[in-house]
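**Student:** sequence and predicted model, in that order:
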Amino acid sequence: MSDTPIHRGADRAARATPARVARKVRGLSDRAIAWIFVAPTIFLLLAVNIFPLIWTIRLSFTNYRANRLNREPEWVGLRNYERILTDSDTWASMQATAHFLIWTIALQVLIGFALAWLINRQFKGSAFWTTIIVLPMMLSPAVVGNFWSFLYQPQIRLFNYVIAFLSGQDPSSFDILGSVNLAPWAIVIVDTWMWTPFVMLICLAGLRSIPDYLYEAAAVDRASPIRQFFTITVPMVLPFLMLAVLFRGIENFKMFDLVVQLTGGGPGNITTLTSIDLKREAFEKWRTGYASAYAIILFVTVFGLASIYVKALNKVRER
Amino acid sequence: MDRAPVTGRNITKTIQLASASALALVGATFGTAAAAEDLTLCWAAWDPANALVELSKDFEEQSGHTMNFEFVPWPNFADRMLNELNSGGQLCDLMIGDSQWIGGGAENGHYVKLNDFFEASDISMDDFADAAVYAYSTWPKGTENYYALPAMGDANGWFYRKDWFTDPEIMAAFEAEHGRPLGEPQTQRELMEIAKFFQGREIDGQERYGVSIFTERGSEGITMGVTGALYAWGLEYENEPGSYDMVGAMNSPEAVEALEFYTELYECCTPPGYTNSYMGESLDAFKSGQVAMAMNWFAFFPGLYADPDIGGDKIDFFVNPPQNQEASTLGGQGISVVSYPDKQDAALEYIAWFAQPEVQKQWWALGGYAVHDAVLEDPAFEESQPFAGDFLQAMNAVQDFWQEPTYAELLLAMQERVHNYVVADQGTAQEALDALIEDWTEVFEDDGKL
């Protein structure tokens, strides 16, 4: 036997093991011992992940209400699913979520990449500006929501004054949080302000991973800077960008706190994202069975979309 | 009435509740409790709650029990406390819950039924205002099944800047414009007229607005506001009480007109950005001098009157103006004993103490709205505060939202439909009310009521 620290440690452990335990362990295969070590983790996973999922699936076929404990839940088959999928309010919240998701991701990718490209030039003071830029993502969403609701408040008018200065409109002529047309953009602006730095950091990591010799070789071949950008920079950063899109997509699909602070889902239902709608069904209306079906539909949607996306991401990385 | 099935659990609970009542009776009869307990009373965080803390010191001295208080801000009050009740939580021994919770409290077994206790303790519901007993204590409505003692009478009322209303220049301008003197509105239409008059008017060098009304989306705000107009136009929820037959009642032409009125009031006469305002925002708008008139619960009126900047001579109050009839939206709460903790005997002692006429008088004096006859029928009551007469008038014509066990769902549906129409300008008033009936029908069907 070799005299390495690991083997010495194993020897010590073997000597310290009581004889009775040692006899029992000696009778077990390596596979059985491995199972003994892994079992608590698997049990924990089953208890906190799989069991609730199975329980939710079961509840989704009932009319169970968590606030009516003295009433036996009835089996309602697919009625909850049918109601959700034919409910115009559900589709309205899906549309609101899609609007929020598409625009926040598009803006964050564009601005984040642009900022990363600028920061990567390593100009004087770039470290300072990097710190300033990443500050918003360090704040709590609740703080950001409150802060921006003051900025948007038409009587304080800070945001209105900025827009009025740029557009020449009367600052008191619009209320971004109270307007059906503007409120969806109000939440897009705040989320973009807060999370663009995150995309920027990932893009920056991508940009800094590109070896300089690629650009040197391209320069020797007299490739223009634009050509270098599209044939070297973009393909090399693309996997990083796609990863950022995946993270932001998953995060924004379940967006709740920021939007609740800003608009509460209003005016009307205009900014009621699916997560807010689901919370209302589950913990305000207490339609637990219905909310379970809603949660399953959302889970399948996110899981399906994420799986397709990850496959695409892997293909890009293999190229 | 739908009764809960007779199960072993129910029987056990009934025995437990009966035992608790009996224990409390023993305590009440012999004057002192067997052991000093730590009691927790749960309510909303607002001015009257502070008054109750003061009042309860007397109970602590008399009983030897210690009172703790769990006060939750209004926007989160229902969420937090209904979660507590639904989960069978032990936090609250006493709950001053909203009037609309009484159905759920009774049918889901959250509240202890108090009939036997009242009888044995000589507490008579005849000693309290009828409207308050009906609204805060009974389930099913109007029956002699009591699950709470009326604790805090309240209704939605109005207050205004008396100093502006009596300013000769403003008065002259109003009279010239409308051909009648400026004064407290006698109808909802007059209220809008006055609100339009003040909207955008410059007073003391500042731009002012007409009214602040409730438009809040998340909890109960816009429903509590809009029902002020709906009830004044004569709204009934059902064609026959208890029938759940709502078509033609809830979406009657009068209801549509009232909803359109409220929307116009919101559009014409509120300050910019009042898309999600409730009690706090209404008070802020008034205290900061933005609005001429504001709606809010009577519970806030003592604090407003005492305010050094806008209170005293600068403020006056009026009851919700009638249109087709006199009516005000009911607020207020009853105090119940929660069935889950094991300190029900001490909690019942608190109820017995609180029901005493002298304690009720002290409650009113401290700023709580007592609805005991000893307070309301006192000849000096109407003059005791500048809003006392309005309070009496309002309480005589209050109407409340559904108090069904499915109250939360019914309320959220109305919040959604009304906010969509009033604030988000989606569809018409008729469509909003028709859709609301559909939502409510579904809720009642799910609950087995239809």
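**Tutor:** Now that the structure is in, tell me what you want to look at. Numbering: from 1, shown residues only, chains lettered A, B, ... in the order given.
**Student:** how deep is A:Lys209 tucked in, by neighbour count?
**Tutor:** Just so we're on the same page, residue A:209 is Ser rather than Lys. 11 (other CB atoms under 10 Å in any protein chain shown). (Glycine included, C-beta is placed from N, CA and C.)
**Student:** that one reaches A:Met236, doesn't it?
**Tutor:** Yes: counting by CB atoms under 8 Å, A:Ser209 does reach A:Met236; the two are 7.2 Å apart.
**Student:** which single residue of the stretch 1-150 of chain B ends up nearest chain A?
**Tutor:** Nearest to chain A in the stretch 1-150 of chain B, going by CB to the nearest CB, is B:Asn86, at a distance of 4.0 Å.
**Student:** let's see the pLDDT reported for the nearest residue to that residue once chain neighbours are set aside.
**Tutor:** Excluding the flanking residues, the one nearest B:Asn86 by CB to CB, 6 or more residues apart in numbering or on different chains is A:Asn67, at 4.0 Å. Looking at A:Asn67, its pLDDT is 78.
**Student:** in which helix or strand would I find A:Asn67?
**Tutor:** A:Asn67 is part of no helix or strand, with elements assigned from DSSP states H and E.
**Student:** can you pull the contacts of it?
**Tutor:** Contact analysis of A:Asn67 by CB atoms under 8 Å, 6 or more residues apart in numbering or on different chains lists A:286, B:82, B:86, B:104, B:108, B:408.
**Student:** check which helices and strands the helix or strand harbouring B:Tyr134 sits against.
**Tutor:** Per DSSP H and E, B:Tyr134 falls inside helix B:130-136. If you count contacts as 3 or more CB pairs under 8 Å, 6 or more residues apart in numbering or on different chains; DSSP states H and E, helix B:130-136 packs onto strand B:149-152.
**Student:** parallel or antiparallel, which strands does the strand it packs on pair with?
**Tutor:** When pairing is defined by DSSP bridges, strand B:149-152 lines up against strand B:333-337 (antiparallel).
**Student:** could you report the distance from the most centrally placed residue in chain B to A:Tyr81?
**Tutor:** Against the mean C-alpha coordinate of chain B, by CA atoms, centre = their mean, the closest residue is B:Gly331 at 1.1 Å. B:Gly331 sits 40 Å away from A:Tyr81, going by CB to CB, to the nearest Å.
**Student:** cool, and A:Leu262?
**Tutor:** For A:Leu262, the distance to A:Tyr81 (CB to CB) stands at 31 Å.
**Student:** burial of the closest residue to chain A within chain B, as a residue count?
**Tutor:** For chain B, the residue closest to chain A is B:Ala424, as judged by CB to the nearest CB, at 2.7 Å. When neighbours are counted by other CB under 10 Å, B:Ala424 registers 19.
**Student:** lowest-confidence helix or strand of chain A?
**Tutor:** Scoring the helices and strands of chain A by mean pLDDT, DSSP states H and E places helix A:19-26 at the bottom, with a mean of 73.
**Student:** would you mark the buried spots in that helix?
**Tutor:** The neighbour-count check on helix A:19-26 (16 or more other CB atoms under 10 Å in any protein chain shown) flags nothing as buried.
**Student:** and that helix, what does it pack onto?
**Tutor:** Contact partners of helix A:19-26 among helices and strands, from 3+ CB pairs under 8 Å, 6+ apart: none.
**Student:** ok, residues contacting it?
**Tutor:** A:14, A:17, A:33.
**Student:** which of the residues you listed ranks first by neighbour count?
**Tutor:** A:Thr17 (14 neighbours).
**Student:** domains for the chain, by residue range?
**Tutor:** Answering for chain A, as no chain was given. Per the record, chain A has its domains at A:5-59, A:84-318, by automatic domain parsing.
**Student:** let's do chain B instead
**Tutor:** Chain B breaks down by automatic domain parsing into domains covering B:8-154+B:332-399, B:156-329.
**Student:** weakest of these in terms of mean pLDDT?
**Tutor:** For the domains of chain B, mean pLDDT drops lowest on domain B:8-154+B:332-399, to a mean of 87.
**Student:** report all helices and strands that the host helix or strand of A:Ala32 contacts.
**Tutor:** Per DSSP H and E: A:Ala32 is located in helix A:30-45. Packing contacts for helix A:30-45, counted by 3+ CB pairs under 8 Å, 6+ apart, involve no helix or strand.
**Student:** now it and helix A:19-26, what's the angle there?
**Tutor:** Helix A:30-45 and helix A:19-26 are oriented at 100 degrees to each other (axes from the mean of the first three to the mean of the last three CA atoms, to 10 degrees).
**Student:** figure out the helix or strand that residue 103 lives in.
**Tutor:** Picking chain A for this. helix A:88-119.
**Student:** sorry, I should have been clearer: chain B.
**Tutor:** Assigned by DSSP H and E, B:Gly103 belongs to helix B:102-107.
**Student:** show residues contacting that helix.
**Tutor:** With CB under 8 Å, 6+ apart as the test, helix B:102-107 has contacts from A:67, B:2, B:4, B:82, B:85, B:95, B:97, B:110-111, B:113, B:136-140, B:145, B:147-148, B:334, B:336, B:402-408.
**Student:** cool, stretch A:142-150 as well?
**Tutor:** Applying CB under 8 Å, 6+ apart, the contact partners of stretch A:142-150 are A:136, A:139, A:156, A:158, A:177, A:186, A:190, A:193-194, A:257-262.
**Student:** and if you look at stretch B:259-268?
**Tutor:** With contacts defined as CB under 8 Å, 6+ apart, stretch B:259-268 is touched by B:188-189, B:191-192, B:195-196, B:199, B:210-211, B:213, B:215, B:225-226, B:229-230, B:233, B:274, B:323, B:418, B:421-423, B:429, B:432-433.
**Student:** residues of chain A that sit close to chain B?
**Tutor:** Those residues of chain A that sit near chain B, judged by CB under 8 Å from any CB of the partner chain, are A:63, A:66-70, A:89, A:153-155, A:172, A:175, A:177-178, A:180, A:263-270, A:280, A:283-287.
**Student:** which of the residues in stretch B:63-77 are buried?
**Tutor:** For stretch B:63-77, the neighbour count (16+ other CB under 10 Å) marks B:63, B:65, B:67, B:69-72, B:74-75, B:77 as buried.
**Student:** could you find the closest non-adjacent residue to the residue of the stretch 201-319 of chain A found nearest chain B?
**Tutor:** Using CB to the nearest CB, the closest approach of the stretch 201-319 of chain A to chain B is made by A:Gly268 at 2.7 Å. Nearest non-adjacent residue to A:Gly268, counting by CB to CB, 6+ apart: B:Ala424, 2.7 Å away.
**Student:** verify the contact between that neighbour and A:Asn269 for me.
**Tutor:** Yes: using CB under 8 Å, B:Ala424 makes contact with A:Asn269 at a distance of 7.4 Å.
**Student:** how far away is the residue of chain B lying at maximal distance from its centre from B:Ile170?
**Tutor:** Residue farthest from the centre of chain B, counting by CA atoms, centre = their mean, is B:Ala176 at 38.5 Å. Distance, B:Ala176 to B:Ile170, using CB to CB: 11 Å.
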